[in-house]
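[1] With the input below, show me the fold.
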Amino acid sequence: MERLNSLWVEKYRPQNLDTYVGNDFIKDKVKVYLETGDVPHLLLHGQAGTGKTTLAKIITNNVDCDMMYINASDENNVDNVRNKIKSFAGSVGFKDLKIIILDEADFLTPNAQAALRNLMETYSKHSRFILTCNYVERIIDPIQSRCQSFQVIPPDRKEVAVHLSKILDQENISYDVKDIGLLVNGGYPDIRRVINAGQRQSSNGKLIIDTQSSILNDYKVKLLEILKSSKDKKTSFTEIRQLLADSKVKDYSDAFRLLYDNLDEYAGDSKAVSIITLADGQFQDSQVVDKEINFMSTIIKLLGNIK
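    All right, here's what the predicted structure looks like:
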């Protein structure tokens, strides 16, 4: 019954660095913080579902501190944030150190961020702030300059697959390795999404893949399938263009990363030149106005490389 009544993403959330997946460089830095108890203000940024909040909670769980958690996507009003933090940081606590986790801090309004900057200075003697965000460019410079900043990078697909397999084993769920691959490819780089999909599609002690599941119908999965097919260049181009239109893709950063991470699956002997093609396309993505045209231009070059 426990399997039905608890979310796996919470039940199997890593509680220490030994079980945290990926980001070895950051883990080495955090290990020093935990050993010394000297935690700076931190800004953890990166894609959704890659372990930023988990890392923040590992820190607070493993140092001697009082902790308060605020989800800024729910509470981004300047007065709410200010009053909560002042009440917590300004009160007498049980521990010498207080840590405030401000999750999804990029949802804070500019006024709320300005107030936060002042609070960070006012209570810096006994309080530390750990901010997480998907878009670091939305955090004002005065806050960024007061924090040790780390980009939390998604673990590679193999690590995510191993992590999901361990959860399924713990839950006594039988599975086919190929199905694990389908879920990982469909949800990557969002580990949370992969785990949730695994739980949703587990029934009566077995992982049963629903081919109509949204995670398997993600445009990125279909994009890879087209590139790996033996169709002619014109047909592949037309299908990819239609796929992007149907999926209403606006941000192509995940797609560029997907194509790079899966070069072995579709590039064959053209991996070196394809890497250069992807690097140029990704750079142009940050410069051009029409990102779809830029992405399709990259696709044309890739198809020319591999077909």
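
[2] check contacts around residue 89.
    Residues near residue 89 by Cβ atoms under 8 Å, 6 or more residues apart in numbering: 98, 100, 119, 122, 123, 126, 127. C-beta here means a position set from N, CA and C on the backbone, and glycine is covered the same way.

[3] switch the cut-off to 10 Å
    With contacts defined as Cβ atoms under 10 Å, 6 or more residues apart in numbering, the neighbours of residue 89 are 66, 68, 98-100, 119-120, 122-129.

[4] Same check on residue 177?
    Counting by Cβ under 10 Å, 6+ apart, residue 177 touches 161, 165.

[5] Which ones among the contacts of residue 89 lie within strands?
    66, 68, 98, 99, 100, 127, 128, 129 (DSSP state E).

[6] all helices of the stretch 101-250 of the chain, in order?
    All helices of the stretch 101-250 of the chain, identified by DSSP state H, counting those that start in this stretch, fall at 110-122, 141-144, 157-170, 177-187, 191-200, 219-228, 233-247.

[7] among the ones you listed, which is nearest residue 256?
    Proximity to residue 256 (Cβ to Cβ) singles out helix 219-228 among the helices of the stretch 101-250 of the chain, at 10.5 Å.

[8] Please identify the buried residues of that closest one?
    For helix 219-228, a neighbour-count test (16 or more other Cβ atoms under 10 Å) marks 219, 220, 221, 222, 223, 224, 226, 227 as buried.

[9] dump the residue contacts of the residue of the chain positioned farthest from its centre.
    Residue farthest from the centre of the chain, counting by Cα atoms, centre = their mean, is residue 92 at 35.4 Å. Not one residue lies near residue 92 by Cβ under 10 Å, 6+ apart.

[10] Residue 222 too?
    186, 216, 239, 240, 243, 246, 247.

[11] any idea which of those residues is the one closest to residue 16?
    Nearest member of the contacts of residue 222 to residue 16, counting by Cβ to Cβ, is residue 186, at 28.9 Å.

[12] That closest one reaches residue 193, doesn't it?
    Yes. Residue 186 lies in contact with residue 193 (Cβ atoms under 10 Å); the separation is 8.2 Å.

[13] Show the pLDDT at residue 212.
    On pLDDT, residue 212 comes in at 63.

[14] mind showing which ranges of the stretch 1-150 of the chain have poor pLDDT?
    Residue ranges of the stretch 1-150 of the chain with pLDDT under 70: 1-5.

[15] quick one: the strands in it?
    42-45, 66-71, 98-103, 127-133, 148-151 (DSSP state E, counting those that start in this stretch).

[16] in the second one, what counts as buried?
    So that's strand 66-71. Applying 16+ other Cβ under 10 Å to strand 66-71 flags 66, 67, 68, 70 as buried.

[17] Can you lay out those residues as CSV showing distance to residue 284?
    Formatted as CSV, the buried residues of strand 66-71 follow (distance: Cβ to Cβ, whole Å):
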residue, distance to residue 284
66, 48
67, 43
68, 43
70, 38
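
[18] which one among the residues you listed gets closest to residue 164?
    residue 67 (28.5 Å).

[19] Name the nearest residue to the closest one, ignoring sequence neighbours.
    Once flanking residues are discounted, residue 67 sits nearest to residue 60: 4.2 Å by Cβ to Cβ, 6 or more residues apart in numbering.

[20] so that neighbour touches residue 130, yeah?
    Yes. Residue 60 lies in contact with residue 130 (Cβ under 10 Å); the separation is 7.5 Å.

[21] neighbours around residue 198, how many?
    Applying other Cβ atoms under 10 Å, we find 27 residues neighbouring residue 198.

[22] what does residue 195 give?
    25.

[23] Then residue 237?
    Using other Cβ under 10 Å: residue 237 sits among 16 other residues.

[24] Quick one: residues contacting residue 306.
    Listed by Cβ under 10 Å, 6+ apart, the contact partners of residue 306 are 227-228, 233, 236, 263, 266-271, 273-274.

[25] Next one: residue 111 from residue 77, what distance?
    9 Å (Cβ to Cβ, to the nearest Å).
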